[in-house]
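**Q** have a look at this prediction, sequence included:
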Amino acid sequence: MSADSLNDRRKALENQFFADRDSQLIQQIRNDLAKKAARDSLIAASGIDDVDVIDTLIAIGITGETLAAMALIPLVAVAWADGKLSDSERDAILRAANDNGSADAGGTHALLESWLVNKPSNELLDVWCAYIKAINKTLTPQARSALKQRLVGNAREVAGAAGGFLGMGNKVSKTEMAVLDILDGCFHD
């Protein structure tokens with residue numbers, strides 16, 4: 001084998017090595033960008049800015065879209081607790097949906113609009129609670145607390161949006177308080 005032929009093979013081997021290495025680096029960049037996009041989406045949907053909590057949610061398969069839809073169910077359940085939806089409750093739900101980014105999510109927003117017109121079945125809250133209990137098992141106490149604070153906290157705001165007499169007194173009805181207790185209980189074993 002001539003020195004030129006050996007040199008050509010060495011160069012081809014080097015080129016292949018660097019092409020493989022470049023391909024690995026490009027894939028790593030793609031993975032990093034996808035992870036950042038997933039993080040950003042979940043931060044926008046949840047309002048939680050603790051990266052460890054966000055990474056825990058991502059690790060168990062929670063996406064921004066999942067959380068946006070999941071975040072709406074407690075709001076709707078509390079608002080419909082007394083069998084009717086007031087304008088102030090509707091406005092509070094829409095504000096919360098806007099804040100968590102679901103106002104821009106096509107399918108999620110359409111689902112919300114449907115729930116604002118027609119009371120969803122009671123089973124929806126049961127399914128939501130089962131989902132929360134399932135993911136609780138995979139969350140750290142810190143992540144569970146942050147998720148609960150966000151989801152139940154928004155529901156409390158909706159519950160306080162209507163009620164009372166001339167804006168005075170207890171704005172949260174007994175039926176709304178019962179739903180809030182159910183929501184809270186979903187975060188306990």
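**A** Looks like it arrived, so ask away.

**Q** please make it C-alpha for all contacts and neighbour counts, starting now.
**A** OK.

**Q** where in the protein is pLDDT low?
**A** Scanning the chain for pLDDT under 70 picks out 1, 45-47, 100-107, 163-170, 189.

**Q** going along the chain, name the helices of it.
**A** Applying DSSP state H to the chain gives helices spanning 3-46, 51-59, 64-79, 87-99, 106-117, 123-136, 141-159, 174-185.

**Q** quick check: buried residues in the shortest one?
**A** When burial is assessed from 16 or more other C-alpha atoms under 10 Å, helix 51-59 yields the following buried residues: 53-58.

**Q** other SSEs contacting that helix?
**A** helix 3-46, helix 141-159 (3 or more C-alpha pairs under 8 Å, 6 or more residues apart in numbering; DSSP states H and E).

**Q** can we see that at 10 Å?
**A** If contacts are counted by 3 or more C-alpha pairs under 10 Å, 6 or more residues apart in numbering; DSSP states H and E, helix 51-59 sits against helix 3-46, helix 64-79, helix 141-159.

**Q** most tightly packed of these?
**A** Most buried of the helices and strands packed on helix 51-59, by mean neighbour count (mean count of other C-alpha atoms under 10 Å): helix 64-79, with a mean of 24.

**Q** just how off-centre is it within its chain?
**A** How far helix 64-79 lies from its chain's middle: 9 Å, per C-alpha atoms, centre = their mean, to the nearest Å.

**Q** contact partners for residue 14?
**A** By C-alpha atoms under 10 Å, 6 or more residues apart in numbering, the residues touching residue 14 are 8, 20.

**Q** and the gap between residue 116 and residue 27?
**A** From residue 116 across to residue 27, the span is 44 Å (C-alpha to C-alpha, to the nearest Å).

**Q** let's see the distance spanning stretch 37-55 from one end to the other.
**A** Using C-alpha to C-alpha, the end-to-end distance of stretch 37-55 comes to 12 Å.

**Q** residues in contact with it?
**A** Here stretch 37-55 makes contact (C-alpha under 10 Å, 6+ apart) with 31-36, 57-59, 61-69, 71, 97-102, 139-147, 149-151.

**Q** switch the helices and strands packed on helix 51-59 over to a markdown table; also include distance to residue 186.
**A** A markdown table is the format used below for those (distance: least, C-alpha to C-alpha, whole Å):
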| stretch | distance to residue 186 |
| --- | --- |
| helix 3-46 | 18 |
| helix 64-79 | 11 |
| helix 141-159 | 9 |
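
**Q** so which of those helices comes closest to residue 128?
**A** Smallest distance to residue 128 across the helices and strands packed on helix 51-59 (C-alpha to C-alpha): 7.2 Å, for helix 64-79.

**Q** for the closest one, name the packing helices and strands.
**A** Against helix 64-79 (3+ C-alpha pairs under 10 Å, 6+ apart) you get helix 3-46, helix 51-59, helix 87-99, helix 106-117, helix 123-136, helix 141-159, helix 174-185.
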